[in-house]
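S.K.: what shape does this take:
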Amino acid sequence: MQRWIKLPDGRFVDANRIVYVGKTETFTRIDEDGNDLGVGYAVNIGTGIERETQLTVTGSRDEVLGVLRTILGRGEAPPAA
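M.R.: Okay, here's the model as predicted:
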């Protein structure tokens, strides 16, 4: 049974196919004008060993941690549209 998780950028990934979750990292976000947008968060998620099957989820702290909670089964999946 597939369990689709919506990522902060709008893509979907099947949580049952995830084989790798990397370390959550932080970075400084800035806009085109050089203004500080605060801290951004990123985590690598892989649905296979090959590099082509890995993706990076970026967003705010709440967005990235929400995705991780949903993958681990401790969060609520967003309602189906």
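S.K.: tell me the secondary structure at the residue most central in space within the chain.
M.R.: Among the residues of the chain, the one closest to the centroid is residue 57, at 3.3 Å (C-alpha atoms, centre = their mean). Three-state assignment for residue 57 (DSSP: H, G, I helix; E, B strand; the rest coil): strand.
S.K.: was I right about it contacting residue 64?
M.R.: Yes. Between residue 57 and residue 64 there is a contact at 5.9 Å, judged by C-beta atoms under 8 Å. Where C-beta positions appear, they are placed from N, C-alpha and C, glycine not excepted.
S.K.: the residue lying farthest from the centre of the chain: what secondary structure?
M.R.: Largest separation from the mean C-alpha position in the chain: residue 33, at 26.0 Å (C-alpha atoms, centre = their mean). Put simply, residue 33 is coil when judged by three-state DSSP.
S.K.: confidence score at residue 4?
M.R.: The per-residue pLDDT reported for residue 4 equals 90.
S.K.: kindly apply the preceding question to residue 48 instead.
M.R.: 81.
S.K.: where do the strands sit along the chain?
M.R.: 4-6, 12-14, 20-21, 25-30, 36-46, 54-59 (DSSP state E).
S.K.: which among the ones you listed is found nearest to residue 70?
M.R.: Residue 70 lies closest to strand 4-6 among these, at 5.1 Å (C-beta to C-beta).
S.K.: so what are the sheet partners of the closest one and their directions?
M.R.: Strand 4-6 has its sheet partners listed here by DSSP bridges as strand 12-14 (antiparallel).
S.K.: distance between the partner strand and the chain's centre?
M.R.: 10 Å (C-alpha atoms, centre = their mean, to the nearest Å).
S.K.: list the buried residues of that strand.
M.R.: Within strand 12-14, the residues that count as buried by 16 or more other C-beta atoms under 10 Å are residue 13.
S.K.: what's the average pLDDT for that strand?
M.R.: So the average pLDDT for strand 12-14 ends up being 89.
S.K.: can you list contacts of that strand?
M.R.: The contact list for strand 12-14, computed with C-beta atoms under 8 Å, 6 or more residues apart in numbering, reads 2-7, 45, 47, 55.
S.K.: any of those residues buried? List them.
M.R.: By 16+ other C-beta under 10 Å, these give 5-7, 45, 47 as buried.
S.K.: perfect, I'm done here.
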